Each structure stands twice: as C-alpha cells, then as structure tokens.
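Asks: sequence below, structure please.
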Amino acid sequence: MLASFSRLLITSVPFGLISVVPNLGTGTEDRDALTKEIETATSGLDVPLRAIAIDTLRRAMPGKAENKQEDMSVLVDNCGHIATKFGVHVHLVHHTPRSDDSHGSGSNALDAASDVMIRICRMGEPSGRLQSQLREGYQQTQTL
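Replies: Residues are numbered from 1 along each chain as shown. Got it, this is the predicted structure:
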C-alpha cells in the first residue's frame, strides 16, 4: 500500500485502528461502544472520515451463524447504523467458501444488503482477479 501511495504522490493518509473487533451480531451495545470509540479516535482529524473496515465479518458476529438470515440481518442493521451515523462506507471483510470463489459464504442477506461487493480471487501466482459489483448491476473485472 505504501508503494502505491508513493507512486500516486500521496504523502500521508489518516488511518486509525481499533484493535478489538466489536460483536455486531447481537444487539446494539457493542455497536454503540464502537461508535463512541470512532468519535474519540476521529475527533482531532482535519479531514472527514470516509470509510470504516471491519475485519472480518466472522469475528464481528461470534457465536452467530453466517448461514442464517436472522443473524446476518442484525449485523447488517448495525453496520447500516454506523454508516448512517458517520456518513461513510462500512466495508466488511468476508471470505468465500473454499469450493467456490464466485460468492461470499453464508446467507445471501449480505449480498442483498450490499451497495458494493469487491471480490479478489487468486488466479495463479502471482496474479489474481479483482472484481467489483454495484447493487445496480454494474460489474467490472480486472487482472492484477
């Protein structure tokens, strides 16, 4: 990433890390605590917050089943609340099933709620494929 910044003449990018993954799969308590931590972490920035990444989806909903729409819906609702609160894109890092890299594992409730899905697939060493898809159906693929 630093090499990309250098090529693009980007000298600094504000970045914050909250090292504890919240449980966004049950209720709103952890979501509200995360919201407060984000507010504290970004209070001194002189640039607006644009994105929040949660790595990984599975860690953000411990004890819940990614195959159950009910469980995924709670996670989606909590992420939607965070996105609305800060006016940002919330990015959930998620993995594909081992046998099929054409979709994320678990319930399709996540696919239905996503505005953008970005898929990175291994195609061989050292290249891969980056595929992005918007809710409206626009899709783009590029080889890395």
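
Asks: hey, which helix or strand in this protein has the poorest pLDDT?
Replies: Using mean pLDDT, DSSP states H and E, helix 2-7 stands out as the lowest-scoring helix or strand of the chain, at a mean of 65.

Asks: distance between the helix or strand just after that helix and the chain's centre?
Replies: Remark: after helix 2-7, the chain's next helix or strand is helix 29-42, criterion DSSP states H and E. Offset of helix 29-42 from its chain centre (Cα atoms, centre = their mean, to the nearest Å): 16 Å.

Asks: the helices in the chain, which residues?
Replies: Secondary structure of the chain by DSSP state H: the helices cover 2-7, 29-42, 69-86, 109-113.

Asks: dump these into CSV; add distance to residue 22 and mean neighbour count as well.
Replies: Glycine gets a C-beta too; all of them are placed from N, C-alpha and C. Shown next, in CSV, are those (distance: least, Cβ to Cβ, whole Å; neighbours: other Cβ atoms under 10 Å):
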stretch, distance to residue 22, mean neighbour count
helix 2-7, 28, 9
helix 29-42, 4, 15
helix 69-86, 8, 17
helix 109-113, 17, 16
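
Asks: could the ones you listed be laid out in a markdown table, adding distance to residue 94?
Replies: A markdown table is the format used below for these (distance: least, Cβ to Cβ, whole Å):
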| stretch | distance to residue 94 |
| --- | --- |
| helix 2-7 | 23 |
| helix 29-42 | 18 |
| helix 69-86 | 10 |
| helix 109-113 | 7 |
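
Asks: and the pLDDT at residue 32?
Replies: Looking at residue 32, its pLDDT is 97.

Asks: what sits against it?
Replies: With contact set as Cβ atoms under 8 Å, 6 or more residues apart in numbering, residue 32 has no partners.

Asks: now residue 76
Replies: Per Cβ under 8 Å, 6+ apart, neighbours of residue 76: 109, 110, 113.

Asks: what about the first one, distance to residue 69?
Replies: When distance is defined by Cβ to Cβ, to the nearest Å, residue 109 is 4 Å away from residue 69.
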